[in-house]
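[1] generate coordinates for the sequence data below:
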Amino acid sequence: MPALPAKHYAAELQRQLRSLLGHEQIITQAYGRHLLIKRLDDEEPTVVARLTELGRQRYGAAFRTHSGRWEPLPGTGTLDEMAQLIVTLLEPYLQPDNY
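    Predicted coordinates for the structure are as follows:
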């Protein structure tokens, strides 16, 4: 039954990111052991980053480049810590196009 906790963590991450960024144009999605972070644009949501569960309540982060490759971001931490790290490092990429 791991899907239920993953959905819970995705919802919590979405709430935190929206609060930190000050807008509602961010959605998250549980995908296996990843939590995808997407920016809502006029067309389809754009995947910007992901958190990967490394162990109990510990996550690592990666940024999706324009070529579609995943580039790791520095550090690991709790969901709260990683939400802050994502916003600190990727804020320009998390702003909607029409913002």
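[2] wait, Ala30 sits on Ala6?
    Yes: counting by C-beta atoms under 8 Å, Ala6 is a contact partner of Ala30 at 3.6 Å. For the C-beta atoms, the positions are set from N, CA and C on the backbone; glycine is no exception.
[3] longest strand anywhere in this protein?
    The longest strand of the chain (DSSP state E) is strand 46-55.
[4] which strands and helices lie in contact with that one?
    For strand 46-55, the elements it packs on are strand 34-39, strand 58-64, strand 70-77, helix 79-94, judged by 3 or more C-beta pairs under 8 Å, 6 or more residues apart in numbering; DSSP states H and E.
[5] mean confidence score for the first one?
    Summarised as a single mean, pLDDT over strand 34-39 is 97.
[6] run the chain-centre distance for it.
    Chain-centre distance of strand 34-39: 4 Å, with C-alpha atoms, centre = their mean, to the nearest Å.
[7] the most centrally placed residue in the chain bridge partners, please.
    Nearest residue to the geometric centre of the chain (C-alpha atoms, centre = their mean): Ile37, 3.2 Å. Beta bridges link Ile37 to Thr28, Ala49, judged by DSSP bridges.
[8] got the contact list for it?
    Contacts for Ile37 (C-beta atoms under 8 Å, 6 or more residues apart in numbering) come out as 13, 17, 26, 28, 47-51, 86, 94.
[9] likewise for Ile26?
    Taking C-beta under 8 Å, 6+ apart as the contact definition, Ile26 lies against 14, 17-18, 37-40, 94.
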